[in-house]
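Asks: task: produce atomic coordinates for the following.
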Amino acid sequence: MDLGLANKVALVCGASQGIGYAAAEEFAREGATLAICSREQAAIEAAAKRLAPYGAKVLPIVADLSTTAGIETVVARTTEQYGRVDVLVTNTGGPPDFSGNIPAISAYTKAMAIPIRIETIQMATETGPVRTAM
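Replies: This next block holds a predicted model:
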């Protein structure tokens, strides 16, 4: 199926496994150029190797998107390498599994901050480098 993604730059967050990896794999099949990120270096490098047979250019990036520094890293590395972002997949690991336990306020606050940080990525890819006071 041709979705018109050939030569588009796709930044896929949380792409080392699961839904994020599946999205990156489909973009690779469609001929997109990829920037993929994860908190774990070995995991994101392994994902990049699994995407190689599709012939896509893949930039693996290690970053924790729950931090401003992580967001700045992903946006800077992607735009330095490719000059733009055409498609943004804002997939993250989500909140921790509380399994019926009442979470500590700090864990809950961190989990709920992720959507705000994702909005920062979206703004940064549209307007340039991230500049925040967080």
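
Asks: how about the helices in this structure?
Replies: Secondary structure of the chain (DSSP state H): helices at 18-29, 41-51, 68-82, 105-127.

Asks: which of the ones you listed comes out lowest on mean pLDDT?
Replies: Mean pLDDT across the helices of the chain is lowest at helix 105-127; the value there is a mean of 56.

Asks: the nearest residue to residue 82 once chain neighbours are set aside: how many residues sit nearby?
Replies: For residue 82, ignoring the flanking residues on the chain, the nearest one in space by Cβ to Cβ, 6 or more residues apart in numbering is residue 9 at 4.6 Å. Heads up, the C-betas are built off the backbone N, CA and C, glycines and all. For residue 9, the neighbour count with other Cβ atoms under 10 Å is 23.

Asks: residues near the closest residue in space to residue 54 that isn't next to it in sequence, how many?
Replies: Distances taken as Cβ to Cβ, 6+ apart put residue 28 closest to residue 54, at 3.8 Å, once the chain neighbours are dropped. Close neighbours of residue 28, defined as other Cβ under 10 Å, add up to 24.

Asks: show me the contacts for residue 28.
Replies: Contacts for residue 28 were tallied using Cβ atoms under 8 Å, 6 or more residues apart in numbering; they are 34, 51, 54, 55, 56, 58.
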